[in-house]
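Enquirer: Structure for this input, please:
(2 chains)
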Amino acid sequence: MFIPSDNSPPSFKDFTLVMPAVAVGNVGQLAVDLIVSTLNMKRVGYIHTDCLIPMAGNNPYATCKEDAKALHTPAEVYTAPELKLAVFQIRAPIIQAKSKKFRQMVVSWIKASKFSRTIILSSSHAYQRDDRQLEGTTLRFLVTPSLLKTSADALKELGWKEMERVSAFPGLTDANTEPRLCIPGGGITKGLYQDSCLEGLSLAVLLLFCSEGDNIPDAFTLVNHLNDWLHLLDNPGQESSKWKIPTSWSLLFGSGIPPALF
Amino acid sequence: MATFFGEVLSAYSRAVEEEEDDLDENEEDEQIREELARKREVHLHWSSEVSESLKTGNKLQCTDFILAVGDNAAGFLSVYFLSSEKWDEVGHASLWNERSRSVTGQSSEESACVFYRHKDNPSVLICLVLQYIAEDQLFQWTTKVFDCLQHRELTLTVLSDSSVAEYKTADYLCSSSAPFLRSLHTSTFSGQLVCQSLEQPNIVTGLPAAVLNHCQVHQIAAVVYQCYSDVIGPDTVTMETYQRALTKTGKFVQLFSSPSTDVLRKFIKTTDIQSNLYI
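Expert: Sure, this is the predicted structure:
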């Protein structure tokens, strides 16, 4: 359920929505953090739902002491009206039994808000790639038929690689089994994509094969890839230095070291 | 996961399971799932007086709601508040999850989450939570409890236990600094804060986070005081840390009672038993 943070509900008509899928290495979520923090986006509301594990903290994008004390929740919506961009950040894992309900809620919210297109940032286990996927770039994309109608030229120009369908039983040639879409470790990505195809939503998935660990470089790769399409930041080529790392990324590997060690 | 210095950190895998195909879901699966969901429901049991007024549509009149989560927080309220015997038990919450004991432990389950109201000052409600509430039950617990309370002029204060091992800071914490308090409040909270605000990247999870989220989106004034302690199990030093959170504002001073030694002893005794590993 979307709840606006101000009394006046925001209008998302013709906005582009960017949202992460909670997936391997949290790459999508990290990439979305970079977008919100770099573009200085404003929080316009919360998605209040029982499908996410509750968490709360102070402002993850604080730039000075004054704006540090502001409560933030596990699912929030940010906008940059001048770019016609909205971002839906998810900060907590989805409760396993409720992932279907969450997907349905997201799809109906996207429909009701009349976004012009939705882009899911996601990731998939690098170790489960098949032979074709091992070569070349680690980035893949998927688009629903309705987005393909409007963005086919733009996508062709970008020269991106589409996510391969894999056979259900590798090594066996059976004419009866159709190759299927498989996104291991991608969380709700596949479900959301399939739901959007059925509902006729304009949706794209950008994903990256990765392993768990320090996924900050992966987040930069994915957000730069998205920038090639959306042009959120100008000056291509020097983008990685232009993205602003939020304060909440500090101490990812634990607290300070006891001085007595040295 | 082991760090460079060989400490072992408990980091659960962030990878997510591949979803099961929805097509495979049959009626029987769905039935089992529904039954499980029903079993995990949270139930509130109010005293006859309260449930009567709830039935007629009058919500619980409450301006101050103090919620204590964890052994020390609940211990603090028991020792400093409840021992004055000026409190009425008005209800309790019951729930079942994977960490609940079997049916034989029914009595302990009933005392695991109890609501009390002050006799002279009925607008003050306190709740002691000593049981584990599973991740999928937190939202439900919060919605059900807040549905029974009237929201106007309501201020929620949450006291919550946490381990100092979960606190992240760039400086090394020396052992003498614990226990200490950190606060986190909703945007509508305008009261005085008695300690430092919780610094990023630290976060609050569990029941305190669930109630804070609810209060933030419903514009209820709420503050969480998280106490980071280095002692496992209840101890008096940690309990006294909470005293600062409630007395500094002067708001609850009249509700305080001097700690009864009997109650205090009860808490310390339980710790003693736990630590007698080699006897």
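Enquirer: Quick one: residues contacting the residue nearest to A:Thr177 when sequence neighbours are not counted.
Expert: By the measure of C-beta to C-beta, 6 or more residues apart in numbering or on different chains, the closest residue to A:Thr177 outside its immediate chain neighbours is A:Ala168, 4.6 Å from it. Glycine gets a C-beta too; all of them are placed from N, C-alpha and C. By C-beta atoms under 8 Å, 6 or more residues apart in numbering or on different chains, the residues touching A:Ala168 are A:Thr177, A:Glu178, A:Pro179, A:Arg180.
Enquirer: I figured the last one hits A:Val166, correct?
Expert: Yes. Proximity of A:Arg180 to A:Val166 meets the contact threshold set by C-beta atoms under 8 Å, at 6.8 Å.
Enquirer: Spatially, what comes nearest to A:Pro179 if we skip its sequence neighbours?
Expert: Using C-beta to C-beta, 6+ apart and skipping residues adjacent in sequence, the residue nearest A:Pro179 is A:Arg165, 3.7 Å away.
Enquirer: Could you list the buried residues of stretch B:238-251?
Expert: Buried residues in stretch B:238-251, counted by 16 or more other C-beta atoms under 10 Å in any protein chain shown: B:Thr238, B:Met239, B:Thr241, B:Tyr242, B:Ala245, B:Leu246.
Enquirer: So the first one belongs to a helix, correct?
Expert: Yes. When the secondary structure is assigned by DSSP: H, G, I helix; E, B strand; the rest coil, B:Thr238 falls within a helix.
Enquirer: My read is that it contacts B:Asp230, right?
Expert: No. Using C-beta under 8 Å, B:Thr238 is not in contact with B:Asp230; the gap is 9.0 Å.
Enquirer: shared neighbours, the two?
Expert: B:Pro179.
Enquirer: Which one of A:Arg180 and A:Val166 is surrounded by more residues?
Expert: Higher neighbour count among A:Arg180 and A:Val166: A:Val166, with 16 against 11, using other C-beta atoms under 10 Å in any protein chain shown.
Enquirer: roughly how far apart are the more buried one and B:Thr261?
Expert: Distance of A:Val166 to B:Thr261, given as C-beta to C-beta, to the nearest Å: 70 Å.
Enquirer: if we can go back for a sec, did I read that right, the residue nearest to A:Thr177 in a helix?
Expert: No. Using three-state DSSP, the assignment for A:Ala168 is coil, not a helix.
Enquirer: So for it, what's the pLDDT?
Expert: If you check A:Ala168, the pLDDT there is 74.
Enquirer: Start and end of stretch A:196-209, how far apart?
Expert: 22 Å (C-alpha to C-alpha, to the nearest Å).
Enquirer: Quick check: the residue nearest to A:Pro179 touching A:Arg180?
Expert: Yes. Taking contacts as C-beta under 8 Å, A:Arg165 lies within contact range of A:Arg180: 5.9 Å.
Enquirer: how deep is the closest residue to chain B within the stretch 101-250 of chain A tucked in, by neighbour count?
Expert: In the stretch 101-250 of chain A, the residue that lies nearest chain B is A:Gly187 (4.2 Å; C-beta to the nearest C-beta). The number of residues packed around A:Gly187, counting by other C-beta under 10 Å, is 29.
Enquirer: What strand or helix carries it?
Expert: Applying DSSP states H and E as the criterion places A:Gly187 outside every helix and strand.
Enquirer: Tell me how far the residue nearest to A:Thr177 lies from A:Arg129.
Expert: To A:Arg129, A:Ala168 is 16 Å away according to C-beta to C-beta.
Enquirer: Can you list the low-confidence ranges for the stretch 151-262 of chain A?
Expert: Within the stretch 151-262 of chain A, the segments meeting pLDDT under 70 span A:173-175, A:235-241.
Enquirer: Contact residues of it facing chain B?
Expert: Contact residues, the stretch 151-262 of chain A versus chain B (C-beta under 8 Å from any C-beta of the partner chain): A:182-188, A:190-191, A:212, A:247-259, A:261.
Enquirer: Just the buried residues out of those, in PyMOL syntax.
Expert: To isolate the buried subset of these in PyMOL, counting by 16+ other C-beta under 10 Å, use the following:
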select buried, chain A and resi 182+183+184+185+186+187+188+190+191+212+247+248+249+254+255
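Enquirer: Serialize the contacts of A:Ala168 to JSON lines and add fields for distance to A:Arg43 and secondary structure.
Expert: Converted to JSON lines, the contacts of A:Ala168 look like this (distance: C-beta to C-beta, whole Å; DSSP: H, G, I helix; E, B strand; the rest coil):
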{"residue": "A:Thr177", "distance to A:Arg43": "47", "secondary structure": "coil"}
{"residue": "A:Glu178", "distance to A:Arg43": "43", "secondary structure": "coil"}
{"residue": "A:Pro179", "distance to A:Arg43": "42", "secondary structure": "coil"}
{"residue": "A:Arg180", "distance to A:Arg43": "38", "secondary structure": "strand"}
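Enquirer: Now flag whichever of these is closest to A:Ala56.
Expert: Of all the contacts of A:Ala168, A:Ala56 sits closest to A:Arg180, with 39.1 Å by C-beta to C-beta.
Enquirer: what's the spacing between the closest one and B:Phe189?
Expert: 51 Å.
Enquirer: Ok, A:Leu139 next?
Expert: 44 Å.
Enquirer: Look at the two and report which has more neighbours.
Expert: Shown here are A:Leu139 and B:Phe189; by other C-beta under 10 Å, B:Phe189 has more neighbours (21 against 18).
Enquirer: How many residues are close by A:Ala126?
Expert: Counted with other C-beta under 10 Å, the neighbours of A:Ala126 add up to 19.
Enquirer: Please identify the helix or strand for the closest residue to it other than its chain neighbours.
Expert: For A:Ala126, ignoring the flanking residues on the chain, the nearest one in space by C-beta to C-beta, 6+ apart is A:Phe209 at 4.3 Å. Per DSSP H and E, A:Phe209 falls inside strand A:203-210.
Enquirer: Could you list the buried residues of whatever helix or strand comes next after that strand?
Expert: Toward the C-terminus, strand A:203-210 is succeeded by helix A:216-230 as the next helix or strand (DSSP H and E). Within helix A:216-230, the residues scored as buried using 16+ other C-beta under 10 Å are A:Asp218, A:Ala219, A:Phe220, A:Thr221, A:Leu222, A:Val223, A:Asn224, A:His225, A:Leu226, A:Asn227, A:Trp229.
Enquirer: check contacts around the nearest residue to A:Leu251 once chain neighbours are set aside.
Expert: In space, and not counting its chain neighbours, A:Leu251 is closest to B:Lys168: 4.5 Å by C-beta to C-beta, 6+ apart. Residues near B:Lys168 by C-beta under 8 Å, 6+ apart: A:Leu251, A:Gly254, A:Ser255, B:Pro201, B:Asn202.
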